[in-house]
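Peer 1: build me a model from this:
(2 chains)
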Amino acid sequence: MNTSLLTTINQLFITLDQKYGADALGADTLIALIETLDEYTGDTSSESLQQGLCEIYTTVLSCKPRMASIILDLQLLLVDTLKNPEFTAQNLRHRLLELLAIKRTRRQESVQHALTIISGSEKVLLHSYSSTINTLLKTLNKQGSKPEILLAAQERAKTDRMIQLLEKLGYAYRVVSEYAIAHILQDVDCALFGGLSLTNKMEVVMGPGSASLLSQLHAHQIKSYVLLTTNKFSLWDDSYEITFHEKREKEAHGVQYLHETFSHDVLSLSLIEGLITENGVLTQEESLAAFSALKKEFAEREKAIASLQMLA
Amino acid sequence: MEAIGLWYVFRPRSLLTFLAGVRKTPSFSGGYHSHSETFPVVSFARIFNGAFPIMWTQIFVVTVFISIFIGIILDKVDKTLLAVAGAVILMLSGVLDFEGAVHAIDFDTIGLLLGMMVFVEGLTEVGIFKWISLQLGLITKGNPLTIFLLLGISTAILSAFLDNVTTVLILAPLMITLTQGIGLPPKIFLLFVIFMSNIGGAATMIGDPPNILIGSQVETLGFLDFLKFMTVPVLVSMGAVTLYLLAVKRDLVRSRNDQLSWLFTSSLMLSDIRHQARSYYLSQKVKIKAFLVFSFVILGFLLHPIIHVEAPVIAISGAVLLLLSFHKEIDLHHLFGRVEWHTLLFFAGLFIVVGALEEVGVLELLSHLLLSLTSDTLLLILLILWASAILSAIVDNIPFVAVMIPILKDLLAQEPFRSDPKSHLLWWALALGACFGGNGSMIGASANVVTIGIARAKGVHLSFIEFAKEALPVTLITIVISSFYLAILYWL
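Peer 2: Numbering: from 1, shown residues only, chains lettered A, B, ... in the order given. Okay, here's the model as predicted:
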């Protein structure tokens, strides 16, 4: 794949993640792959399709930051093509639909675990906009047990979308700037965040602004949880740069300066009470164990498809 | 012969004889009437104790006009300020008094512009254009050829009914999102949007400011006349420019559906648009209401020969109807804040300066000059077409058209053009030249400047040379087509 497409895909990943959250990005990628197969008019032989998938996989691996769930899905897809060398585009399409269904089930399961966590809480602090948080709010609404939402306002578009949803579902809510959250900490019963990934250093990758919020919550001993299904774990070894760092030229009172922005915050897992996954709420130790087991499987798949990458 | 003609017009005696004759001043309704009142130049002369010959007054007014023109080209001071300053200087110097200045303003044009501005801003506030742009994005399916054709043709169609700047504001950002989203360089796609906006805008009386000026100030021309005479050259030019660009840039717009990685990228890009479309809810009721009001305005323009309601009245009625229909959805203060008052002021200032040029007889001199150059109607038609195109590419076409209208009116009142049934083609030569000429350079039309600005904000830099390289052949194609079209109409 050429560098122009790599840059484009990378930018699209970042945009979709920042605008709609990591879960939506994962689902969008699978849907995009299904559409790709539907529209494809080229060579549909197994070798050609496999080569095309390898190319996409290699590109996704080169993206910064790496999107764990997308890498995992593509890896599973490629391993399937190895197991069944006579596969067709239809088989791939079917498998992609399965992966999409698995993703949805995982999200539903993690939402169920989140429900048990916040049951009894009167005031819940939310920060990130993510499709899992959306599902959680909708499920709570259906159950008729709506806590008051304290919304830590972040980027305007995301906050607007959250307000739109809260209004639509009839939640009672307050909106406070994320940097002024110290003023309402006494009101918070528990806090929920959406997460992008968990690294091999047991650090959680989250939306920008999460680190300072979580530090304050931790200092005030308020229980904070991060919704993160295990398919989003970054199971690779290397110390890959996880955040996207940008420097933009800006101007203030006629003075030019460089404004640095970061796509995500990275913070220690020890700052949070637990990870809400499809397998339940994991403590730091449990997260490490789950991570190690999954990492082993990941490494095996990586080994299996290494030969394919060479071919590609 | 031409040299002799030129000398004849400008020789001092001719000027004196000419200036001693009857003068014309613009009437409130945009028409012109002769009068024999005290010539306002007298007050200018009075300042200088009567020692100021009329020719110096003419030179003074022409200097003010040329200064405005140069100021617009240099782009150091806002063009509205320049036009208004020019008008103020002319009033302070006594060339025009305040009443004369007010009379010089063509309120038909101002009314039509204001009505359409409020109308379009209203539709924008309701969200109809955002909805259209999202739907267009989804329809393209990320295919480069579909993006190119669909957005290009949509630009031309929208430009015919909305002003070109509004059209590019709606479609240029979408074009950048779509092309960048599939990893293609957006430059040629953006240029196509610009070309189509200037070509499409020529189709109707309300599509482009030169047409608004011509349609409002020439009493014999209406909305239907524009459709009748401009549709063919516009459609042929659209087709020719599209085919030319498709041929030259075929590698960029070719389908890539045989490449998995490329298809994956375009599908991913569509996800974003799909999310936006899903969260951007516009009820069926709003869409139907907006469509009905829009149809009402277009129908009003079309039925002008039957209902005899003036174009500005239709535009303002449409705007009021829209505001009443959506009074709950539209924030009036916000809407009126977005109306381009500075453009209206620019027009007003320009009308005053052009009024002064006419008052002191400069425009009549110019029409005589044109007449001395040729009395062949076809030659004059082609001369006007090419001169308008070249000048519109170099400078703002609005002042040029504003000046040309009274000159052509004067010319058409004289023989041999008065008795030539084909001389009305001069108006279409002016309209085609001014609108299509806008494609000639980066500063040729407001839509060009706005699109370049949008592109720059999104990290796409188009240089003057890059623009000219693509734009000159396109402009040439459209002007050659217009030349043939006008010649055929003349001979038929």
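Peer 1: any low-confidence regions in the stretch 1-150 of chain B?
Peer 2: Segments of the stretch 1-150 of chain B classed as low confidence (criterion: pLDDT under 70) are B:1-54.
Peer 1: what does it put close to chain A?
Peer 2: residue B:141 (Cβ under 8 Å from any Cβ of the partner chain). All C-beta atoms are positioned from the backbone trio N, CA, C, and that covers glycine.
Peer 1: same thing but at 6 Å, please
Peer 2: Contact residues (Cβ under 6 Å from any Cβ of the partner chain) of the stretch 1-150 of chain B with chain A: there are none.
Peer 1: counting neighbours, what do you get for the residue of the stretch 1-150 of chain B found nearest chain A?
Peer 2: When you check the stretch 1-150 of chain B against chain A by Cβ to the nearest Cβ, the closest residue turns out to be residue B:141, at 7.4 Å. By other Cβ atoms under 10 Å in any protein chain shown, the residues close to residue B:141 number 16.
Peer 1: kindly report the same for the one 10 residues further on.
Peer 2: Neighbour count for residue B:151, taken as other Cβ under 10 Å: 26.
Peer 1: wait, doesn't it sit right on residue B:175?
Peer 2: Yes. The criterion here is Cβ atoms under 6 Å, and residue B:151 meets it with residue B:175 at 5.4 Å.
Peer 1: thinking again about what came up before, may I have the phi/psi pair for the residue of the stretch 1-150 of chain B closest to chain A?
Peer 2: Geometry field for residue B:141 lists phi and psi as phi 50, psi 20, criterion degrees, to the nearest 10.
Peer 1: same check, this time on residue A:173
Peer 2: Dihedral angles of residue A:173 (phi, psi; degrees, to the nearest 10) stand at phi -150, psi 160.
Peer 1: what does the stretch 201-350 of chain B have sitting close to chain A?
Peer 2: Along the stretch 201-350 of chain B, the residues adjacent to chain A under the rule Cβ under 6 Å from any Cβ are B:257-258, B:260-261, B:263-265, B:267-269, B:271, B:275.
Peer 1: any idea which residue of the stretch 101-250 of chain A lies closest to chain B?
Peer 2: When distances are taken as Cβ to the nearest Cβ, the stretch 101-250 of chain A reaches nearest to chain B at residue A:161, 6.9 Å away.
Peer 1: which residues of chain A fall in strands?
Peer 2: Read by DSSP state E, chain A holds these strands, from start to end of the chain: A:123-126, A:148-153, A:173-177, A:190-198, A:203-206, A:223-227, A:245-252, A:255-262, A:265-268, A:274-277, A:280-282.
Peer 1: residue B:65 is nearest to which of these?
Peer 2: Nearest to residue B:65 among those is strand A:245-252 (36.6 Å), distances taken as Cβ to Cβ.
Peer 1: list the helices and strands the closest one packs on?
Peer 2: Taking 3 or more Cβ pairs under 6 Å, 6 or more residues apart in numbering or on different chains; DSSP states H and E as the contact definition, the neighbouring helices and strands of strand A:245-252 are strand A:255-262.
Peer 1: quickly run through the sheet partners of the strand it packs on, with directions.
Peer 2: Based on DSSP bridges, the pairing partners of strand A:255-262 within the sheet are strand A:245-252 (antiparallel).
Peer 1: pipe the residues of the stretch 201-350 of chain B next to chain A into CSV and attach distance to residue A:69, secondary structure and neighbour count per row.
Peer 2: Compiled in CSV, those are given as follows (distance: Cβ to Cβ, whole Å; DSSP: H, G, I helix; E, B strand; the rest coil; neighbours: other Cβ atoms under 10 Å in any protein chain shown):
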residue, distance to residue A:69, secondary structure, neighbour count
B:257, 27, coil, 17
B:258, 28, coil, 13
B:260, 20, helix, 26
B:261, 19, helix, 21
B:263, 21, helix, 29
B:264, 16, helix, 28
B:265, 18, helix, 28
B:267, 17, helix, 24
B:268, 14, helix, 26
B:269, 19, helix, 27
B:271, 15, helix, 22
B:275, 17, helix, 16
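Peer 1: sorry, back to before: tell me the pLDDT at the closest residue to the residue of the stretch 1-150 of chain B closest to chain A other than its chain neighbours?
Peer 2: Sequence neighbours aside, residue B:270 is the residue nearest to residue B:141 in space, at 6.9 Å (criterion: Cβ to Cβ, 6 or more residues apart in numbering or on different chains). Residue B:270 carries a pLDDT value of 89.
Peer 1: ok, residues contacting whichever strand or helix holds residue B:270?
Peer 2: Using DSSP states H and E, the secondary-structure element containing residue B:270 is helix B:260-279. Contacts of helix B:260-279 with the rest of the structure, by Cβ atoms under 6 Å, 6 or more residues apart in numbering or on different chains, involve A:1, A:5, A:8-9, A:12, A:20, A:28, A:32, A:35-36, A:39-40, A:52, A:55-56, B:134, B:137-138, B:142, B:181-183, B:256.
Peer 1: give me that answer again for 7 Å
Peer 2: The set of residues external to helix B:260-279 that reach it, using Cβ atoms under 7 Å, 6 or more residues apart in numbering or on different chains, is A:1, A:5, A:8-9, A:12, A:15-16, A:20, A:28-29, A:31-33, A:35-36, A:39-40, A:52, A:55-56, A:59, A:161, B:134, B:137-138, B:141-142, B:181-183, B:256-257.
Peer 1: now do the helix or strand that that helix is followed by: everything it contacts.
Peer 2: From helix B:260-279 onward toward the C-terminus, using DSSP H and E, the following helix or strand is helix B:284-302. Where contact means Cβ under 7 Å, 6+ apart, the residues beyond helix B:284-302 that reach it are B:119, B:123, B:126, B:128, B:161, B:223-224, B:309, B:311, B:314-315, B:317-318, B:321-322, B:325.
Peer 1: just flag the most distant two among these.
Peer 2: For these, with distances taken as Cβ to Cβ, the pair at the greatest spread is B:126 and B:224 (28.3 Å).
Peer 1: who's more crowded, those two?
Peer 2: Neighbours of residue B:126 and residue B:224, each counted by other Cβ under 10 Å, are more numerous for residue B:126; the result is 21 against 15.
Peer 1: that one touches residue B:329, doesn't it?
Peer 2: Yes. Under the criterion of Cβ atoms under 7 Å, residue B:126 is in contact with residue B:329, at a separation of 5.7 Å.
Peer 1: please export the C-alpha coordinates of the helix or strand harbouring residue B:199 as PDB.
Peer 2: In this structure, residue B:199 sits in helix B:187-201 according to DSSP H and E. What follows is helix B:187-201, C-alpha atoms only, in PDB (Å, rounded to 0.1, in the frame of the first residue of the first chain):
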ATOM      1  CA  LYS B 187      -6.900  20.100  -6.100                       C
ATOM      2  CA  ILE B 188      -8.400  19.200  -9.500                       C
ATOM      3  CA  PHE B 189     -11.700  18.200  -7.900                       C
ATOM      4  CA  LEU B 190     -11.800  21.600  -6.100                       C
ATOM      5  CA  LEU B 191     -11.000  23.400  -9.400                       C
ATOM      6  CA  PHE B 192     -13.800  21.600 -11.000                       C
ATOM      7  CA  VAL B 193     -16.200  22.900  -8.300                       C
ATOM      8  CA  ILE B 194     -15.000  26.400  -9.000                       C
ATOM      9  CA  PHE B 195     -15.400  26.100 -12.800                       C
ATOM     10  CA  MET B 196     -18.800  24.600 -12.400                       C
ATOM     11  CA  SER B 197     -20.000  27.200 -10.000                       C
ATOM     12  CA  ASN B 198     -19.000  30.000 -12.400                       C
ATOM     13  CA  ILE B 199     -20.400  28.200 -15.400                       C
ATOM     14  CA  GLY B 200     -23.600  27.100 -13.700                       C
ATOM     15  CA  GLY B 201     -24.100  30.600 -12.200                       C
END
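Peer 1: and that helix, what other elements does it pack with?
Peer 2: The helices and strands touching helix B:187-201, judged by 3 or more Cβ pairs under 7 Å, 6 or more residues apart in numbering or on different chains; DSSP states H and E, are helix B:144-161, helix B:164-181, helix B:223-248, helix B:425-437, helix B:446-457, helix B:464-491.
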